[in-house]
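K.L.:
let me see the structure of the following:
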Amino acid sequence: MDLLLSMLIAFVNNSHSNRQQQAEGRGVRSVRRTSLREKQMAAKADARGEARLRETFDSVVDDDMQVRE
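P.N.:
Residues are numbered from 1 along each chain as shown. Okay, the predicted model is just below:
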């Protein structure tokens, strides 16, 4: 009887431990996904900013060229 009880307790403890590890694993994956998403969004925002700067520069150069003509 003691052996059966100790096996049952070990099973319950192991089951709880596995659930905790699985939950922690999901949290880590979620964080990784979020950071990748943020990196991608930051890269896209940088590209948009560079495009705006390029357009502004091009328009200033075009205006300057028209004034010189």
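
K.L.:
low-confidence bits of the chain, can you list those?
P.N.:
1, 15-33, 68-69 (pLDDT under 70).

K.L.:
for stretch 47-59, list the C-alpha coordinates in CSV.
P.N.:
The C-alpha coordinates for stretch 47-59 follow below in CSV (Å, rounded to 0.1, in the frame of the first residue of the first chain):
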residue,chain,number,x,y,z
ALA,A,47,12.9,51.4,-44.5
ARG,A,48,9.9,53.7,-44.6
GLY,A,49,11.9,56.5,-42.9
GLU,A,50,14.7,56.1,-45.3
ALA,A,51,12.3,56.2,-48.3
ARG,A,52,10.8,59.5,-46.9
LEU,A,53,14.3,61.0,-46.5
ARG,A,54,15.2,60.0,-50.0
GLU,A,55,12.0,61.5,-51.4
THR,A,56,12.7,64.7,-49.5
PHE,A,57,16.3,64.8,-50.7
ASP,A,58,15.2,64.1,-54.3
SER,A,59,12.6,66.9,-54.3
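
K.L.:
tell me the buried residues in it?
P.N.:
By neighbour count on 16 or more other C-beta atoms under 10 Å, the buried set for stretch 47-59 is empty. Glycine gets a C-beta too; all of them are placed from N, C-alpha and C.

K.L.:
which ones are touching residue 51?
P.N.:
Neighbour list for residue 51: empty [criterion: C-beta atoms under 8 Å, 6 or more residues apart in numbering].

K.L.:
which residues of this protein fall in helices?
P.N.:
For the chain, the helices defined by DSSP state H cover 2-68.

K.L.:
how about residue 66, what does it touch?
P.N.:
Applying C-beta under 8 Å, 6+ apart, no residues contact residue 66.

K.L.:
so how far is residue 57 from it?
P.N.:
Counting by C-beta to C-beta, to the nearest Å, the gap from residue 66 to residue 57 is 15 Å.

K.L.:
likewise residue 2?
P.N.:
Noted for residue 2: a distance of 82 Å to residue 57, by C-beta to C-beta.
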